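A.B. asks: 3D, please:
(2 chains)
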Number of protein chains: 2
Amino acid sequence: MKFIMCPIGIIHSPFKEKQETPIQPSRSQAIGKVIVFPEFTDGLQDLEGFSHIYLVYVFHESAGFTLRVKPFLDTLERGLFSTRYPVRPNPIGLSVVRLQTVHADELIVEGIDVLDGTPLLDIKPYMPEFDVRSDVRAGWYDNRSIK
Amino acid sequence: MKFIMCPIGIIHSPFKEKQETPIQPSRSQAIGKVIVFPEFTDGLQDLEGFSHIYLVYVFHESAGFTLRVKPFLDTLERGLFSTRYPVRPNPIGLSVVRLQTVHADELIVEGIDVLDGTPLLDIKPYMPEFDVRSDVRAGWYDNRSIK
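C.D. replies: You can find the predicted model right below:
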């Protein structure tokens, strides 16, 4: 079973190299520009009412995957699926960013953490009722050695 | 530019038909069983320390896409990307669920909202520092006509 995904746009960011990319968006105040391809811009209607959105994208500079990784914020090896590490069987990335403006095919977002030129697969509204959970335990991350 | 995605597992749920599937996981207490294919189970290590996870999956019963949709919870047409509607250019679905148990290749999760047999693309840990935002505005959803 295979599924073919095609980008709906491109994410531009200040980060040209993996080494300078922030680890996750909550640690970044970097501004990004999302350009949505013309054939999809009609779907952006009503988006500007949302303060935050999910960007779903491809880790396009990651090749292959590994099932045990040493996370950026830890010193021990962990199971890949307990991390957000970019070397995944399906290299799909997910970030919550603050939506500043929507103009035609262009979104300006704050808190971007992806490489410049990242292929965008989807945009979803961030909806507290669906996406915010309390009483959360975050396993190794709660007890990580690097804070 | 194309990206080929292959399932890493299958999500089993009580929902055999689209009509009976809950709208989003926060409205569901349904129990789901995620079976991860043998070649990927090694990546599940350390996951059980997390109370919540993201399931990233394919809306496998959705064909094609449309850029304006009437959301389940509203009576007006909205831009697709301001909704979680399943008819998307890249039919990727995203749900936060509570992780009950991990045993070998099987995860038991609570709050499932997908069709039985849904192809799983990725599992990510839900990490409050990265994924929880406050001061959120949720556009049309905040002012929706159906509550």
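A.B. asks: the bottom helix or strand of chain A by mean pLDDT?
C.D. replies: One helix or strand of chain A scores below all others by mean pLDDT, DSSP states H and E: helix A:128-131, with a mean of 88.
A.B. asks: Tell me the first helix or strand C-terminal of that helix.
C.D. replies: helix A:139-142 (DSSP states H and E).
A.B. asks: Can you name every helix or strand that that following helix contacts?
C.D. replies: On a contact count with 3 or more C-beta pairs under 8 Å, 6 or more residues apart in numbering or on different chains; DSSP states H and E, helix A:139-142 meets no helix or strand. C-betas here are computed from N, CA, C, even on glycine.
A.B. asks: repeat that with 10 Å
C.D. replies: Applying 3 or more C-beta pairs under 10 Å, 6 or more residues apart in numbering or on different chains; DSSP states H and E, we find helix A:139-142 packed against strand A:78-79, strand B:118-125, helix B:128-131.
A.B. asks: following the shortest one, which helix or strand shows up next?
C.D. replies: Sequence-wise, the next helix or strand beyond strand A:78-79 is strand A:92-103, with elements assigned using DSSP H and E.
A.B. asks: How about that following strand and chain B, any contact?
C.D. replies: Yes. Using C-beta under 10 Å from any C-beta of the partner chain, strand A:92-103 reaches chain B at A:Ile92, A:Gly93, A:Leu94, A:Ser95, A:Val96, A:Val97, A:Arg98, A:Leu99, A:Val102.
A.B. asks: which residues sit against the least confident helix or strand of chain A?
C.D. replies: With C-beta atoms under 10 Å, 6 or more residues apart in numbering or on different chains as the test, helix A:128-131 has contacts from A:52, A:54, A:96, A:124-125, B:23-27, B:54, B:73, B:84, B:94-96, B:113, B:126, B:131-134, B:136-138, B:141-142.
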